[in-house]
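*Asks:* need coordinates for the below:
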Amino acid sequence: MKRFLLGGAAALVSAGGAAAADLPGKAAPAEYVRVCDTYGAGFFFIPGTDTCLRIGGFVRADYYLNTTPGNRTNNNASIPGTQILGATLYDGYYSTSARLTLNVDARSNTEYGLLRAFGQFSAVRGAWNGSFSSQGLVNSGTGQSPRASVISVERAFIQFAGITAGFSASFFNFYQGDVQLSGNYAATARSTTVLAYTAAFGSGFSATVSLEDSMYRRYSNGDSWYGTVTPAGTIMSSSLQRPLSGAGGMTYAGQQIPDIVANLRVDQGWGSVQVMGALHQLRDFGYAGAVNVPTAKAGDKMGWAVGAGLRLNLDMLARGDVLWLQGVYADGALDYAFGTANQGGDRQTISGAANLAATNSLNTQLRDAAVIGGAIQTTKAWSLAAGFRHFWTPALRSSVFGAYTSIDQPALSSLWDVKYWNVGVNTIWSPVRNLDLGVEVIYHNETARQQNGLPAVITPSNTFKGQDGIWTATIRVQRNF
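*Replies:* Below is the predicted model of the structure:
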């Protein structure tokens, strides 16, 4: 019995030692997400790296009203009530849209300075206002499709050692409708592909030189000529290869050099000041609209634009109060003076101003330049914009804003001279943090004149109606995060 008991105890000790040998070693400590306070609120370290990341965005619902059903034009000139060709049919007083916007901001310090990558995209459930294309098909453009959501990349750029490369806001931009609801309709100001260098001089002073894709700055009845021809011999029509302008203006050839943009800027506690300039190539392809064949091209010419802007922080009135002022002059580069990215307003969106009959017709009227007598003649324009925001309480704020543009086009009977202005007001209530409930009302007015000084013919009435106006309203619910 003694031998049996001693043998059993030895076996248990041996088995216990083997089991202990099979146990895993001490677990490595878990890597918890740590707050990164180097770049402001919301950043955290990506575990295992020295990169700080912030994820943000918003969800937005908009409801639009306007006071006119808008223009009813068609490509078929034989249809009664049609005067200006190629415009979209708009026929709605009320429309809606919903938007989800997400952005990521990754930053880290290097021996050369900050390394940053930023990306932003939006998914939009398009508003439906009864709009149809001139071919009778549902217009599937952004914000006008009842059938599907539209996903778009709005920012995608890298910054390193003063260099910015990628899809970003133009360095010409300054005031971008910052105090408006409809001014920032697409969640960001218009972007373009840039390759820029910014030199920082200290105390908030900086200078930037940027090469920017000119395709995003063209005013023409067709964005570019790629040399593509359909089998039938007619120029292909698509988003970037539409029928070219021909006798209605200058036919843009393919991009040869990018826009050259530069600015000088100061950002300090009291606000910001910027002066900016741009060069924009006018390169004619040569095209006879009647027969759809290339013709002799006019010589190239450089358009240009200059501008200045001022932003004043008026915290002495109330914390967060701000005043914006901006002026731009353009010669052969109309978008720099009239584009919503530089001036605010919503005339290019379905929230109402696109229903302004004259503006809708102007989609096929405005040109950067025209070819007259074998030479390029440029469109000249100037604009002023202003906006003021006041906080009544930390949770309640209001803004008043306006813009004016004068456009003088080349002396072709088919091109109109235009004066456009808008004025608006909004109020936004934030009952809790990061929730905005807002309402905005804008009045848009446009005066168009033919080159002979007579009022322009505006459809659908086919009458001499040289002035048109519209009231628009936006109701917004937005949750920021």
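*Asks:* can we go C-alpha only for contacts and neighbour counts from here?
*Replies:* Will do.
*Asks:* show me where this protein has its helices.
*Replies:* Applying DSSP state H to the chain gives helices spanning 2-22, 335-338, 340-343, 357-362.
*Asks:* elements contacting the second one?
*Replies:* The reference is to helix 335-338. Identification of packing neighbours for helix 335-338 by 3 or more CA pairs under 8 Å, 6 or more residues apart in numbering; DSSP states H and E yields strand 322-331, strand 380-393.
*Asks:* let's see it at 6 Å
*Replies:* Applying 3 or more CA pairs under 6 Å, 6 or more residues apart in numbering; DSSP states H and E, we find helix 335-338 packed against no helix or strand.
*Asks:* contacts for it?
*Replies:* 217, 328, 330, 382-383 (CA atoms under 6 Å, 6 or more residues apart in numbering).
*Asks:* which residues of the stretch 301-450 of the chain score low on pLDDT?
*Replies:* 341-365, 413-414 (pLDDT under 70).
*Asks:* what ranges do the strands span in it?
*Replies:* Assigned by DSSP state E, counting those that start in this stretch, the strands in the stretch 301-450 of the chain fall at 301-313, 322-331, 369-372, 375-378, 380-393, 396-408, 417-429, 435-449.
*Asks:* can you redo the ones you listed as CSV with mean neighbour count and distance to T110?
*Replies:* Shown next, in CSV, are those (neighbours: other CA atoms under 10 Å; distance: least, CA to CA, whole Å):
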stretch, mean neighbour count, distance to T110
strand 301-313, 20, 32
strand 322-331, 22, 35
strand 369-372, 24, 47
strand 375-378, 22, 47
strand 380-393, 21, 38
strand 396-408, 21, 40
strand 417-429, 21, 41
strand 435-449, 20, 37
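*Asks:* Throw those strands into TSV and include distance to V266, thanks.
*Replies:* Formatted as TSV, these follow (distance: least, CA to CA, whole Å):
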stretch	distance to V266
strand 301-313	10
strand 322-331	15
strand 369-372	34
strand 375-378	32
strand 380-393	19
strand 396-408	23
strand 417-429	28
strand 435-449	30
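*Asks:* S149 is nearest to which of these?
*Replies:* The closest of the strands of the stretch 301-450 of the chain to S149 is strand 435-449. By CA to CA, the value is 23.4 Å.
*Asks:* only alpha carbons, please: show that closest one as PDB.
*Replies:* The C-alpha trace of strand 435-449 is given here as PDB (Å, rounded to 0.1, in the frame of the first residue of the first chain):
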ATOM      1  CA  LEU A 435     -27.300  70.300 -33.700                       C
ATOM      2  CA  ASP A 436     -28.300  73.100 -36.100                       C
ATOM      3  CA  LEU A 437     -31.900  74.000 -36.900                       C
ATOM      4  CA  GLY A 438     -31.900  76.800 -39.500                       C
ATOM      5  CA  VAL A 439     -34.000  78.700 -42.000                       C
ATOM      6  CA  GLU A 440     -32.800  81.000 -44.800                       C
ATOM      7  CA  VAL A 441     -34.400  83.300 -47.300                       C
ATOM      8  CA  ILE A 442     -32.700  84.800 -50.400                       C
ATOM      9  CA  TYR A 443     -33.900  87.100 -53.100                       C
ATOM     10  CA  HIS A 444     -32.100  86.700 -56.500                       C
ATOM     11  CA  ASN A 445     -32.300  89.300 -59.300                       C
ATOM     12  CA  GLU A 446     -30.900  89.200 -62.800                       C
ATOM     13  CA  THR A 447     -30.900  91.800 -65.600                       C
ATOM     14  CA  ALA A 448     -29.900  90.700 -69.100                       C
ATOM     15  CA  ARG A 449     -29.300  92.900 -72.200                       C
END
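*Asks:* identify the residues contacting that strand?
*Replies:* Residues contacting strand 435-449 (CA under 6 Å, 6+ apart): 416-430, 455-456, 466-479.
*Asks:* let's go with 8 Å and repeat that
*Replies:* 180-181, 353, 358-359, 416-430, 455-456, 466-480 (CA atoms under 8 Å, 6 or more residues apart in numbering).
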